[in-house]
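Novice: Provided below are the primary sequence and the corresponding predicted coordinates.
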Amino acid sequence: MKPEKQESAQNVRNSTHNALMSSSDRSQLIVLNVVSFWVNCQVFVPNPSLVRVRDEIRMTIQAYQTLYESSIAFGMRKALQAKQKKAEMEKKIKDLDTECNKLEKQVKDLEEKIVEAE
């Protein structure tokens with residue numbers, strides 16, 4: 001892949017990632033990165049605890065994003081199912097109305113025959 005395409009693909013992923021993150025999540029991640037950078041600059045050795053906390057936060061955010069995406073997919077599936085069910089019910093109502101009208105006409109014809117027979 002060309003470098004320009006890689007950069008544009010990375011920009012799309014980052015913009016999607018940032019759109020799904022809440023502002024407080026972004027703020028916490030920024031603060032953690034700044035603190036981690038500051039500590040690493042002071043000590044010259046990466047602090048495993050800070051790295052672990054940062055990784056846990058990233059995994060938590062990723063889990064929330066996955067949950068959000070699966071919730072959206074579930075909602076769309078349910079909306080589609082409801083739309084299909086609605087169409088089926090409307091057809092059934094129309095068929096039952098037609099049958100009801102047919103039976104009412106049959107009752108009316110039989111009542112006329114009874115009146116004629118008397």
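Specialist: Yep, that arrived. Numbers count the residues shown, from 1 in each chain.

Novice: and the spatially most central residue of the chain, how close does it get to Lys91?
Specialist: Nearest residue to the geometric centre of the chain (Cα atoms, centre = their mean): Ile72, 0.3 Å. Computed as Cβ to Cβ, to the nearest Å, the Ile72 to Lys91 distance reads 29 Å. Just so you know, the C-beta spots here come from the backbone N, C-alpha and C atoms, and that holds for glycine as well.

Novice: just for this protein, where's the confidence low?
Specialist: For the chain, the stretches flagged by pLDDT under 70 are 1-22, 37-47.

Novice: quick one, longest helix in it?
Specialist: helix 48-117 (DSSP state H).

Novice: from the chain's centre, how far out does that one sit?
Specialist: Offset of helix 48-117 from its chain centre (Cα atoms, centre = their mean, to the nearest Å): 16 Å.

Novice: now for it, which elements pack on it?
Specialist: Here helix 48-117 touches helix 3-20, helix 23-43, going by 3 or more Cβ pairs under 8 Å, 6 or more residues apart in numbering; DSSP states H and E.

Novice: 7 Å instead, please
Specialist: Judged by 3 or more Cβ pairs under 7 Å, 6 or more residues apart in numbering; DSSP states H and E, helix 48-117 is in contact with helix 23-43.

Novice: what residues does stretch 92-107 touch?
Specialist: Stretch 92-107 has contacts (Cβ atoms under 7 Å, 6 or more residues apart in numbering) with no other residue.
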